[in-house]
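In: Quick one: sequence and predicted model below, then my questions.
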Amino acid sequence: MNKPEISILLPSLRPELLKRSIQEFADTNSNVDYQIVVVSPFKVQSPKVKWIFEGEPRGSVWATNTAYTYSEGKYAVYFSDDVSPTKDCLKNMLSFMKDKETPFIGAFKMLTPNNAQIGPFGCYEKLYACYGCLSEETCALLEGVFYHKFLYSWCDIDLAMRCYSKGGKIEICQDACVIPRQVEDEIYKNHRQTFNQDFNTFCDLWHPTYGGNLPREIGAINHKL
């Protein structure tokens, strides 16, 4: 049995949003051989979906890393259930990733529902990918997707710093777009409670290397490019 070209790592605690995400990939990217690896506390049965049971929520970082462990694609995309894919975003990202020297992260371009660009964003003046694509080789060089000491936040920015520290690059694929949704439910509020903890973890790791004379403050190191 052939392995899929690309695996979408999709942790979820929201059944309805997850159902919508799965259908959106089917509607917009049927021309790509993909799999969706879902890690959730509720059962999921759908074509192209591999479901991994999460008995007790342990954070999206743990869930994303668990999804990667079970993924089969040559490329992996870290995603979330509050983001919508757009037409051919996977096909275009796969084309963009071909022949890139590792380590390399392809960043999805973020749009509003009205097609206005969101970001891009950087930390220490370095681009990071809020939603990104990595090859198996890059994941091996960076020792996985997200660092296990994070819970929910700053893991994507830490991934970027790990890539740069290994001499790698991050670039935006201009025709691989996603549309984040505004979801401010109890799950979102619970995640925000650990935001400062994850920020401090990030600064402990990277501020000595990249912070220079900048204060250890979110507004000083994280910004729109």
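Out: Everything's here; your move. Numbers count the residues shown, from 1 in each chain.
In: element containing residue 90?
Out: In this assignment (DSSP states H and E), residue 90 forms part of helix 89-97.
In: residues in contact with whichever helix or strand comes after that helix?
Out: Following helix 89-97 in sequence order, the next helix or strand is strand 104-111 (DSSP H and E). With contacts defined as Cβ atoms under 8 Å, 6 or more residues apart in numbering, strand 104-111 is touched by 77, 86, 89, 93, 96-97, 100, 117-120, 127-135, 138, 159-160, 163, 168-180. For every residue, glycine as well, the C-beta is placed using N, CA and C.
In: All the helices of the protein, residue numbers only.
Out: For the chain, the helices defined by DSSP state H occupy 15-28, 60-70, 89-97, 136-141, 155-165, 186-192, 195-210, 218-221.
In: quick revisit: buried stuff in the helix holding residue 90?
Out: 89, 90, 91, 92, 93, 94, 96, 97 (16 or more other Cβ atoms under 10 Å).
In: From those, pick the one nearest residue 34.
Out: residue 90 (5.8 Å; Cβ to Cβ).
In: In this structure that closest one contacts residue 34, no?
Out: Yes. In this structure, residue 90 is within contact of residue 34 by Cβ atoms under 8 Å, at 5.8 Å.
In: List the residues that are in contact with both of these two.
Out: Common neighbours of residue 90 and residue 34 are listed as 6, 25 (criterion: Cβ under 8 Å, 6+ apart).
In: And the residue nearest the centre of the chain?
Out: By Cα atoms, centre = their mean, the chain has its centre lying nearest to residue 78, at 3.1 Å.
In: got the contact list for it?
Out: So residue 78 contacts 9, 64, 131, 132, 134, 145, 146, 156 (Cβ under 8 Å, 6+ apart).
In: low pLDDT regions in the chain?
Out: 1, 188, 191 (pLDDT under 70).
In: Could you rerun that using 50?
Out: Of all residues in the chain, none has pLDDT under 50.
In: So which of the contacts of strand 104-111 sit within strands?
Out: The members of the contacts of strand 104-111 that map onto strands under DSSP state E are 77, 117-118, 127, 132-135, 169-180.
In: Can you mark which positions in stretch 156-170 are buried?
Out: Across stretch 156-170, burial judged by 16+ other Cβ under 10 Å covers 156, 157, 158, 159, 160, 161, 162, 163, 164, 168, 170.
In: Name the nearest of those relative to residue 207.
Out: Taking Cβ to Cβ as the measure, residue 207 lies nearest residue 161 of the buried residues of stretch 156-170, at 10.2 Å.
In: ok so, going back, look up how far residue 2 lies from the closest residue to the residue nearest to the centre of the chain other than its chain neighbours.
Out: Distances taken as Cβ to Cβ, 6 or more residues apart in numbering place residue 9 nearest to residue 78, at 5.1 Å, with adjacent residues excluded. Counting by Cβ to Cβ, to the nearest Å, the separation of residue 9 from residue 2 is 20 Å.
In: so residue 123 touches residue 160, yeah?
Out: Yes. Counting by Cβ under 8 Å, residue 123 touches residue 160, with 7.0 Å between them.
In: Check the contact lists of the two and give me the overlap.
Out: Between them, residue 123 and residue 160 share no contacting residue, judged by Cβ under 8 Å, 6+ apart.
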